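K.L.:
Sequence and predicted model, in that order:
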Amino acid sequence: MNEDAYKVLGVSRDASQEEIKRAYFRMVRQHTPDSDPEMFQEIRRAYEALKDMEEQKKDLETISLEVPDDPMGKKMMEQILSCYGSHDYQRVIDTAQEAVRYFGNCSGFLYYLALAQREAGYTGKSVRNLELLVEKFPDEMRFRRELAISLQERGFGKKALDAFETAWKMGCRDTEFLFLFNLACYERRKYARGVQILETLIGDAGRKTVLQPLDYLQPYEWLLISSASVSDEKFRQSAERFAQFLLEAGGGLDGCEEELAEMFLPLAMIAYGISENDEIPEMAAGWMKVTYTTIREAVWKILAAAQKAIPDGKLWKETQKQLEHVFVMGDPELSISIRCLVDAFVGGDEREDPQFTRFIQLDSMLCILEEWPENRGQIEILKHRYPETYSRLEEFVRRLDSESTDRLRDSMLKDYRRLAKYFDGYYFQRYPERRQEGTRQVWDSDQEGTFRRAEKKVGRNDPCPCGSGKKYKNCCGRKG
């Protein structure tokens, strides 16, 4: 089990608790309960398996459990505790089952049997044994807590939520419980209740000086995601609370830069989903109660606080570039042509084929030219709202302002027609009349005067345009 847990989190056996925790937070962002619930549960189980042993032992010492006043019973309990501490859950199961057969349903044996069964994946058996304990000891908060967690892992969402509520009323407030309680609320779409739980979690964490700043990041991320399903105002309040936390934490967040930067993209994707809800079925269900503008403004506010708390120009500049790209692609005030233009220039960083990158850039620029200057106002939105993105398009905008639209189009069409033989684009689909135009003569000015070719005439000794590698006079230019 230990080996599997290390592999799931992608850490070595000698990894520190801080490294394990960082790996856990990174993995749960990649595999959320919505996108990959099975992997999410596997990651959580792996993290629990690798938690600090001393911390587990202290936790277990607080529980009053029945143990037979018998040398054999005590020896079996010692073996169970030893195997549980080393995460040998199958041996715990075997020993505990033998003890139950011999001594009956003692709470000590049943309790560790249920925990080991859950860790080993036998969640149904774990639920049954914990139900026996709850029935026998209805006032024991810890048994209620473990029953709620086992019900959640088994997939009994409604029963799990009721069990979490019962344990909550009995005073259960530990960090793991509150996090899982929120997860149960999220899965049952009880978002307002989930926000209350997370606010309690964050408030309790603030009173525990043993926690490190990294421990706050995931609760705040979940608070923001859950708040987005409650209301605009609640999301705004949660964002302000997080920004204030970052400013107050300051240098205490040193070393958490990458984890903090990774929090921004999921928030930006919520905004993208709201504007493109036809592509994301969960968004189309109507459970998001926050507007695109509110998310965008909140993200920029949190980013500004992060930049003050942890000065790292290169990291935050790259983060801003990624966020602007997502926000542009979802901005309802920008047309499809403008979004395609941005994607061609900004998204091109990840493309391997330079010829394809050049083609889609030409494709998007030509579409903009056909709509110019009607779309000038949207270029201004880019300039003021997304300055990092606009800087990548500034040269093209300068040419739009300084050159004749027809002349600029003709110069681009030369390359575009060549590349259109190999790639498909939108320009000829939207403006099919441009496909038929060959070499044309254009005037040097709007007044009468001399004219010039838009394309250079092929010389006899130039390479043949057909791509054969021969000279034009020995190939397509051959007379007769």
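P.N.:
Great, that's in hand.
K.L.:
next helix or strand past the lowest-mean-pLDDT helix or strand in the chain?
P.N.:
Within the chain, no helix or strand scores below helix 281-284, which has a mean of 39 by mean pLDDT, DSSP states H and E. Scanning forward in sequence from helix 281-284 by DSSP states H and E, the next helix or strand is helix 292-309.
K.L.:
I'd like the average pLDDT over the one helix or strand T389 maps to.
P.N.:
Assigned by DSSP H and E, T389 falls within helix 387-402. Averaged across helix 387-402, the pLDDT comes to 90.
K.L.:
which strands and helices sit next to that helix?
P.N.:
helix 313-330, helix 336-346, helix 354-371, helix 376-385 (3 or more Cβ pairs under 8 Å, 6 or more residues apart in numbering; DSSP states H and E). Bear in mind the C-beta positions are built from the backbone N, C-alpha and C, glycine included.
K.L.:
change it to 6 Å
P.N.:
helix 313-330, helix 336-346, helix 376-385 (3 or more Cβ pairs under 6 Å, 6 or more residues apart in numbering; DSSP states H and E).
K.L.:
which one of the ones you listed has the most crowded surroundings?
P.N.:
helix 336-346 (a mean of 20; mean count of other Cβ atoms under 10 Å).
K.L.:
Quick one: list the elements packing against that one.
P.N.:
When contacts are defined as 3+ Cβ pairs under 6 Å, 6+ apart, helix 336-346 sits against helix 313-330, helix 354-371, helix 387-402.
K.L.:
mind giving me a markdown table with these and columns for distance to K74?
P.N.:
Output for those, formatted as a markdown table (distance: least, Cβ to Cβ, whole Å):
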| stretch | distance to K74 |
| --- | --- |
| helix 313-330 | 55 |
| helix 354-371 | 71 |
| helix 387-402 | 67 |
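K.L.:
Looking at these, which is nearest to E240?
P.N.:
Minimum separation from E240 across the helices and strands packed on helix 336-346 (Cβ to Cβ) falls at helix 313-330, 18.4 Å.
K.L.:
So what's the gap between that closest one and the chain middle?
P.N.:
14 Å (Cα atoms, centre = their mean, to the nearest Å).
K.L.:
any idea of the angle that helix forms with helix 292-309?
P.N.:
180 degrees (axes from the mean of the first three to the mean of the last three Cα atoms, to 10 degrees).
K.L.:
Just the CA atoms of helix 313-330, as CSV, please.
P.N.:
Provided in CSV are the C-alpha atoms of helix 313-330 (Å, rounded to 0.1, in the frame of the first residue of the first chain):
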residue,chain,number,x,y,z
GLY,A,313,8.2,39.2,-11.6
LYS,A,314,8.8,36.3,-14.0
LEU,A,315,6.3,33.9,-12.3
TRP,A,316,3.5,36.4,-12.1
LYS,A,317,4.1,37.8,-15.6
GLU,A,318,3.7,34.2,-17.0
THR,A,319,0.6,33.7,-14.8
GLN,A,320,-0.9,36.9,-16.0
LYS,A,321,-0.3,35.9,-19.6
GLN,A,322,-2.1,32.6,-19.1
LEU,A,323,-5.0,34.2,-17.3
GLU,A,324,-5.4,36.9,-19.9
HIS,A,325,-5.6,34.2,-22.6
VAL,A,326,-8.4,32.4,-20.8
PHE,A,327,-10.3,35.6,-20.1
VAL,A,328,-10.0,36.8,-23.6
MET,A,329,-11.3,33.6,-25.0
GLY,A,330,-14.4,33.9,-22.7
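K.L.:
just the angle between it and helix 376-385, please?
P.N.:
150 degrees.
K.L.:
tell me how far the ends of stretch 374-391 are from each other?
P.N.:
Terminal residues of stretch 374-391 are spaced 21 Å apart (Cα to Cα, to the nearest Å).
K.L.:
can you list contacts of it?
P.N.:
Identification of contacts with stretch 374-391 by Cβ atoms under 6 Å, 6 or more residues apart in numbering yields 320-321, 324, 328, 334, 338, 342, 346, 397.
K.L.:
contacting residues around M288?
P.N.:
228, 274.
K.L.:
which stretches of the stretch 351-480 of the chain aren't confidently modelled?
P.N.:
For the stretch 351-480 of the chain, the stretches with pLDDT under 70 are 351, 436-456, 479-480.
K.L.:
secondary structure element for the residue nearest to F143 when sequence neighbours are not counted?
P.N.:
Closest residue to F143 apart from its sequence neighbours, by Cβ to Cβ, 6 or more residues apart in numbering: L133 at 4.4 Å. Using DSSP H and E, L133 falls within helix 123-136.
K.L.:
Which neighbouring elements make contact with that helix?
P.N.:
Helix 123-136 packs on helix 107-119, helix 141-154, going by 3+ Cβ pairs under 6 Å, 6+ apart.
K.L.:
Export these to TSV and append columns for mean neighbour count, mean pLDDT and distance to V8.
P.N.:
Listed next are the helices and strands packed on helix 123-136 as TSV, based on neighbours: other Cβ atoms under 10 Å; pLDDT from 0 to 100; distance: least, Cβ to Cβ, whole Å:
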stretch	mean neighbour count	mean pLDDT	distance to V8
helix 107-119	24	92	13
helix 141-154	23	94	15
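K.L.:
Please convert those to JSON lines, extending it with distance to K471.
P.N.:
Formatted as JSON lines, the helices and strands packed on helix 123-136 follow (distance: least, Cβ to Cβ, whole Å):
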{"stretch": "helix 107-119", "distance to K471": "76"}
{"stretch": "helix 141-154", "distance to K471": "74"}
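K.L.:
Select, out of those, the one closest to C367.
P.N.:
helix 141-154 (50.1 Å).
K.L.:
tell me the angle the closest one makes with helix 107-119.
P.N.:
Computed with the same axes, to 10 degrees, the direction of helix 141-154 lies at 20 degrees from that of helix 107-119.
K.L.:
ok, and what's touching helix 141-154?
P.N.:
With Cβ under 6 Å, 6+ apart as the criterion, helix 141-154 contacts 63, 118, 123, 126-127, 130, 133-134, 137, 159-160, 163-164, 166-167, 170, 172, 177, 180, 184.
K.L.:
ok, now stretch 69-81?
P.N.:
Against stretch 69-81 from outside (Cβ under 6 Å, 6+ apart): 67, 92, 95-96, 99, 103, 108, 112.
K.L.:
Could you chop the chain up by domain?
P.N.:
189-332, 334-438 (automatic domain parsing).
K.L.:
list the contacts for T95?
P.N.:
76, 79-80.
K.L.:
Okay, angle between the helix or strand hosting it and helix 123-136 too, please.
P.N.:
Using DSSP H and E, T95 sits within helix 89-103. Put simply, helix 89-103 runs at 40 degrees to helix 123-136, going by the same axes, to 10 degrees.
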